[in-house]
Every structure is written in structure tokens, then in C-alpha cells.
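Asker: fold the following and give me the result.
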Amino acid sequence: MNNNAVARHLLEIGAVALKPSDPFTWSSGLKSPIYCDNRLTMSYPDVRKELIKGFKEIVNIHFPDATVVAGTATAGIPHAAWAAEALNLPMVYVRSKAKGHGKQNLIEGRINKGDRVVVIEDLISTGGSSISAVKAIQEEGAHVLGVAAIFTYGLKKAEKLFQEAEVPFYTITSFNTLIEEAEGLSSSEKEMLSAWQQDPESWSDQQ
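Answerer: Purely as a prediction, here's the structure:
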């Protein structure tokens, strides 16, 4: 798996954008020098193929006993579907909240007690949505082997959440790799990006 090549692809198609001097504002209100929208990868077949290879490699190496692939709604669903097809495994997806009608499902698709599940995410930010999906699957009596994602910001908060949940996670590429591949960044901009990664809240407050 070529982490650097995937990072370059994400930058080239604008799935990850860097603006240290003109920060984005996330939905939480937090200001950030980086914004990630991996939904864009759906529109680029060559990039998509690289991601499918990456997910397949992560599962084969780290979770070879997996019996089910689970996507997180909504951005993780297409990647989970492609990964499940490549791995010839059943797929489910986990809603962010239970459906408000019918059977009021939180998990769509068939999941059984004892299933060994890999959760597929597009992005690991603070880790909250991933762990919520993990808990939903565990409540069905299935065992979550771990989480696989396209990209991680590498935030300490996420690492802490995963450690507390005792769930491993692996990503195809990462914040640090992306910064290596980004062209045109000055040393001061790289320092700003590093400072944000170390403490996003404090960095945001100073903007």
C-alpha cells in the first residue's frame, strides 16, 4: 500500500484541502487549517481503486478473521460496499441515529451475534462517530475487530478514545504523510499545521 501516493491523490482532487493562513470553520465551530471531504473520491475511479486496494490490504493483514464489513453513515457506506465486494464479505451499515419509522433500525443489513466485524470509515477526526458505530455493533452481540479508514488527522483525542474502547484502527494514509506530500507549504505553514494537530482547540482560539 502506497500511503504517499494516496495522500497525493487526495490533495490533487481536493478531497483534502490545506489553508493554514485562511482557516476553515468546521460544523463544530472549530477553526482548522485543514478540511477533508473524502466523498469526492467516489467520483474518481482510479483513486477509488487505490482505496479499495488499501482497505483490502488492511483487512487481510490486520483483520484476516473478519466475517462482516460495516460502513458508517453516510460517508463510509460506499467505501464499505467496495471493500466488501473486493473481500467477498457481507456488508452492513450503521446509521448515525435509529430510523424514525418501520423497524427503527440503527444497523441496516443482517448482523448476527458472534460476527467478526471491521468498521470502514472515510475519516477519523476525533473518533467519536467511529466509536459510536463500534458500540452499536457490539450491542448486537457482534465482535468489532477494528476500524479501517482512508485518512486520519492524527489527533490525540481520537487515539485516546480508541484506546479506551480497546479497538485498534488503521488508515490508508495520514495527516503527517499528507504534509510530506503537500507542495508549496512554507516552513511557517508546516509549523502552524503541526501546532493545530497537537492542540486543535487552543489553535482555533488563537485565530
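Asker: show me where the chain dips below the pLDDT cut-off.
Answerer: 98-104 (pLDDT under 70).
Asker: which stretches of it form strands?
Answerer: Taking DSSP state E as the test, the strands found in the chain are 16-18, 24-25, 31-32, 34-36, 68-72, 91-94, 107-108, 116-124, 143-152, 169-174.
Asker: so who does residue 192 touch?
Answerer: Contact criterion C-beta atoms under 8 Å, 6 or more residues apart in numbering gives 20-21, 33, 203 as the residues in contact with residue 192. No exception for glycine: its C-beta is placed from N, CA and C like everyone else's.
Asker: if we can go back for a sec, quick one: which of the strands of the chain is nearest residue 78?
Answerer: strand 68-72 (7.6 Å; C-beta to C-beta).
Asker: quick check, residue 116 in contact with residue 67.
Answerer: Yes. With contact defined as C-beta atoms under 8 Å, residue 116 counts as touching residue 67 (4.7 Å).
Asker: what's opposite the most centrally placed residue in the chain in the beta bridge?
Answerer: For the chain, the residue nearest the mean C-alpha position is residue 123 (2.4 Å; C-alpha atoms, centre = their mean). Beta-bridge partners for residue 123, by DSSP bridges, are residue 151.
Asker: what sits against it?
Answerer: Neighbouring residues of residue 123 by C-beta under 8 Å, 6+ apart: 36, 38, 75, 149-153.
Asker: state the distance from it to residue 60.
Answerer: Counting by C-beta to C-beta, to the nearest Å, the separation of residue 123 from residue 60 is 22 Å.
Asker: hang on, the earlier thing: most packed of the strands of the chain?
Answerer: Greatest average neighbour count among the strands of the chain goes to strand 68-72 (a mean of 27), per mean count of other C-beta atoms under 10 Å.
Asker: which residues touch that strand?
Answerer: Strand 68-72 is contacted from outside by 59, 77-81, 83-84, 87, 89-94, 96, 107, 111, 115-122, 129-130, 133, 137, 142, using C-beta under 8 Å, 6+ apart.
Asker: no more questions from me, cheers.
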